[in-house]
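> Generate coordinates for the sequence data below:
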Amino acid sequence: MGLSPDLSVSMGHPLPDQNRVFGTKWFAMQNQELRMQEMLDWAEEANTPLFICETWVWDLINRRPRMIRNIQRETLNLLDKHTVGWISLGYLPLVGLIREDRKMIHLMDEWIRPYPQVVGGTLQSLNYEFDKRQFNLSMQLDESGDTEIFIPAGHTYPEGFQVEANKLTMMVDQNGQVVSQTGAGILSWNKDAQKLIISPVNRQVDLIIEAMDPGPVPQSHTRLDYSDDDFPPQDDVVRPVFTLAEGENSLRERILSSGDWTEDQVNCVIENWKSRLEPIEWEIVARAGLMQVDMRIRYTIAIFDCLEQ
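Alright, predicted model coming up:
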């Protein structure tokens, strides 16, 4: 990731290296606000902007679609609130957004929403209201260049949308055509690129994008379920194979079988490690045998803590 000097200054980070960011993964299932603040603190200590190099929302164990939807919305809201850049997994069983057959999973439709791609000035705040499909964006523009806002018209706004930027307005119909507009020359719509473009101006701009029809993304566009197709045969190994108690006992037996630990030490490691993970993370470790990088780090910390006792 490269950052311009102007961007680093506007973010309040005098970077020693303009090409450096603090990158981390985020398994965003519980205590999102606490985890987000932790990551922001780590980035501040590193004196760099925060960038989430991998984030995902899934519930392999219980498969609760409504809970997943709410957590995903909260996750995206926090990323917007703190203007944090992020990447999610594309083609990967269970945690990816798209299967190999190109079918969408994990509420892909709500990841796709309006977003500023280029700001000719300073981005101040952004917010997307999922139930209304309303996007709010505040910027202090400074004539440094065009401002480009991605609007997935056919996907998020199949019946059209309207834009209000200060006193300027634009209405785009279901065919992606501008049907009414004030302030031509300042606001323009690129149908092919799906971009709203604001010409260089020197002023505060408060922009609102609203759907022409009410409600969230039409349900025909949104999958709230897990299909058996999301669990291809080659990935049977990642399915839950234990109850929680069986999984904990299996972990104890595997650690004990190395011959390097006493039973008391193993119990110490298990309990210490468990206390450092969210409940859903511990379920994934114990029941499915999966460990992400941050889970392994906490396992290592637990080992050191128990060795010192």
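
> count of residues packed around A211?
As a burial measure, A211 scores 19 neighbours (other Cβ atoms under 10 Å). To be clear about C-beta, it is placed using only N, CA and C from the backbone, and glycine gets the same treatment.

> That one against E159, yeah?
Yes: applying Cβ atoms under 8 Å as the test, A211 and E159 come out as touching, 6.9 Å apart.

> Overlap in contacts, those two.
Taking Cβ atoms under 8 Å, 6 or more residues apart in numbering as the contact rule, A211 and E159 touch no residue in common.

> Contact partners for Q174?
P158, E159, G160, M212 are the contacts of Q174 under Cβ under 8 Å, 6+ apart.

> where's D142 relative to T122, distance?
Distance of D142 to T122, computed by Cβ to Cβ, to the nearest Å: 7 Å.

> Okay, now the unreliable bits of the stretch 1-150 of the chain?
Along the stretch 1-150 of the chain, the model assigns pLDDT under 70 to residues 1-18, 58-65, 89-107.

> What are the boundaries of the strands in it?
Taking DSSP state E, counting those that start in this stretch as the criterion, the stretch 1-150 of the chain carries its strands at 22-27, 50-56, 85-88, 115-118, 121-129, 134-142, 147-150.

> tell me the domain ranges of the chain?
1-107+223-229, 113-220, 240-307 (automatic domain parsing).

> Quick check: mean pLDDT of the last one?
In this case it means domain 240-307. Per-residue pLDDT over domain 240-307 has a mean of 77.

> Now for the spatially closest residue to G121 that is not a sequence neighbour, how many residues are close by?
Spatial nearest neighbour of G121, excluding adjacent residues (Cβ to Cβ, 6 or more residues apart in numbering): L141 at 3.8 Å. Neighbour count of L141, defined by other Cβ under 10 Å: 21.

> any idea how far L141 lies from T182?
18 Å.

> now A193
Using Cβ to Cβ, A193 is found at 22 Å from T182.

> try T243
63 Å.

> And the helices in the stretch 1-150 of the chain?
5-10, 32-46, 65-81, 108-111 (DSSP state H, counting those that start in this stretch).

> T169 is nearest to which of those?
helix 65-81 (23.8 Å; Cβ to Cβ).

> could you measure E283 against E159, distance?
41 Å.

> can you check K191 too?
In terms of Cβ to Cβ, K191 sits 16 Å off from E159.

> how about the nearest residue to G176, chain neighbours excluded?
Leaving aside its sequence neighbours, G176 sits nearest to K191 (Cβ to Cβ, 6+ apart; 4.4 Å).

> ditto for R35
Nearest residue to R35 in three dimensions, chain neighbours excluded: W26, at 6.6 Å (Cβ to Cβ, 6+ apart).

> Any idea what the one you found is bridged to?
Beta-bridge partners recorded for W26 (DSSP bridges): T55.

> Would you agree it is in contact with I52?
Yes: W26 is within contact range of I52, at 5.1 Å (criterion: Cβ under 8 Å).

> Mutual contacts of the two, please.
Contact with both W26 and I52 is made by residues M39, W86, according to Cβ under 8 Å, 6+ apart.

> circling back to that earlier point, spit out the contact partners of the residue nearest to R35.
R35, M36, M39, I52, E54, T55, T75, W86.

> Please report the distance of it from M36.
From W26 to M36 the distance is 8 Å (Cβ to Cβ).
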